[in-house]
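Asks: give me the fold of what follows.
(one chain, ligands or ions: 2)
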Amino acid sequence: MAGHRALVSASILDCDLSNLSSECLRALEGGSDRIHLDVMDGHFVPNITFGPGIIKRLRAIGSQPFDAHLMISEPGRYMDQFIDAGCTSITFHVEVEEPIEPTLLKIRKAGRLAGLAIKPATPLSALDPYRDLLDIVMVMTVEPGFGGQKFMADAATKIDPAHAVFRDRPGETPSAREVHVDGGVNRDSAEYCGSLGVDVMVVGSTLWKKGQDISSEIRLIKQLADQGYRGRRRIAGEVE
Ligand code: DX5
Ligand code: ZN
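Replies: Ligands and ions are numbered 1, 2, ... in the order given. Coordinates of the predicted model:
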């Protein structure tokens, strides 16, 4: 499934949680480029999932990228544990009420990709103070907390301008510069996300529907995103 512009990171929030490692492998074998791990603390969001202990155990499946998405009130308090768990990237929310910069610095110092997520109502300008510390901007297109919600197209309009947020710090490793979209991404919204130039699509509940063929669904979602991206370039006059 090489050659697609946007990658897929499969969110395991709605998979068969009693078989986490085999579900991760099923998604990766089906063409998911990464695994997206939704960590919730019952405080920042009204739901509770899993923590660094489970992520660390899941690492036994191999070296495929793990994107952690922390929906927790105190990311700083637990960051050492998420780094130790072997996450490839760690993204937390800009809306947390604690200092953000030290936590981003800690992630980068550990050699992992550092990201901030923004809720649908949060403007991109909230990221301004952290521009040179970000590898990932995650645009939420649902209110964080649950899978299976409806895609919010208004919130998705932040995807395109989010690419302008990144800025490298002189003398430091350049940022990875990835814009992720998370929430309600499926065959109905993928083309639109692609047209906005998204780099990574987090895809959750649609993959885990009963009887779903994960691999053909991922292929379709990537193709639709490519189609959207080509349409945007054509409008911009960049292709024939
Ligand atoms: C929601 C999570 C998402 C969720 C996506 O708070 O951050 O990653 O699992 O699931 P779908 O694709 O069903 O919206
Ligand atoms: Zn998520």
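Asks: what's the spacing between the residue of the chain found nearest ligand 1 and Arg230?
Replies: The minimum distance from the chain to ligand 1, using C-beta to the nearest ligand atom, falls at Gly204 (2.5 Å). Using the backbone N, CA and C atoms, a C-beta is placed for each residue, glycine as well. According to C-beta to C-beta, to the nearest Å, Gly204 and Arg230 sit 25 Å apart.
Asks: who has more neighbours, these two?
Replies: Each of Gly204 and Arg230 has its neighbours counted (other C-beta atoms under 10 Å); Gly204 has more, 25 against 15.
Asks: what sits opposite the nearest residue to that one once chain neighbours are set aside in the beta ladder?
Replies: Leaving aside its sequence neighbours, Gly204 sits nearest to Ser11 (C-beta to C-beta, 6 or more residues apart in numbering; 3.6 Å). On the basis of DSSP bridges, Ser11 is bridged to His36.
Asks: what are the buried residues along the worst-scoring helix or strand of the chain on mean pLDDT?
Replies: Least confident element among the helices and strands of the chain, by mean pLDDT, DSSP states H and E: helix 214-235 (a mean of 95). Neighbour-count burial for helix 214-235 flags 214-215, 217-219, 221-226, 228-229, 232 (criterion: 16 or more other C-beta atoms under 10 Å).
Asks: need the residues of this structure near ligand 2, please.
Replies: By C-beta under 5 Å from the ion, the part of the chain that sits against ligand 2 consists of 38, 69, 182.
Asks: which of these fall in strands?
Replies: Secondary structure from DSSP state E places 38, 69, 182 of the residues of the chain next to ligand 2 in strands.
Asks: any idea how far His93 is from the last one?
Replies: Remark: distance between Asp182 and His93 (C-beta to C-beta) = 11 Å.
Asks: joint contacts of these two?
Replies: Residues touching both Asp182 and His93 (C-beta atoms under 8 Å, 6 or more residues apart in numbering) are Ala117.
Asks: confirm Val139 sits in a strand?
Replies: Yes. According to DSSP: H, G, I helix; E, B strand; the rest coil, the state of Val139 is that of a strand.
Asks: ok, now how distant is it from Leu116?
Replies: For Val139 relative to Leu116 (C-beta to C-beta), the value is 10 Å.
Asks: the more surrounded of those two?
Replies: Val139 (28 against 24).
Asks: quick one: contacts for that one?
Replies: Val139 touches 117-118, 155-156, 158-159, 162, 179-182, counting by C-beta under 8 Å, 6+ apart.
Asks: what do you get if the cut-off is 10 Å, keeping everything else the same?
Replies: 117-120, 122, 124, 152, 155-162, 179-183, 193, 196, 198, 202 (C-beta atoms under 10 Å, 6 or more residues apart in numbering).
Asks: what remains of these if I keep only buried residues?
Replies: Taking 16+ other C-beta under 10 Å as the criterion, what is buried in the contacts of Val139 is 117-120, 122, 124, 152, 155-156, 158-159, 162, 179-183, 193, 196, 198, 202.
Asks: pull the contacting residues for the one residue in the chain that gets nearest to ligand 2.
Replies: As assessed by C-beta to the ion, ligand 2 sits closest to His69 within the chain, at 3.7 Å. Contact partners of His69, counting by C-beta under 10 Å, 6+ apart, are 9, 11, 13, 36-40, 87, 89-93, 115, 117, 136, 138, 140, 144, 180, 182, 202.
Asks: that older thread, what is the burial count for the residue nearest to Gly204?
Replies: By other C-beta under 10 Å, the residues close to Ser11 number 26.
Asks: where does the chain dip in pLDDT?
Replies: The model of the chain has pLDDT under 70 over residues 1-2, 240.
Asks: enumerate the residues of it near ligand 1.
Replies: Residues of the chain lying near ligand 1 by C-beta under 6 Å from any ligand atom: 11, 13, 36, 38, 69, 142, 144-145, 147-149, 182-185, 202-205.
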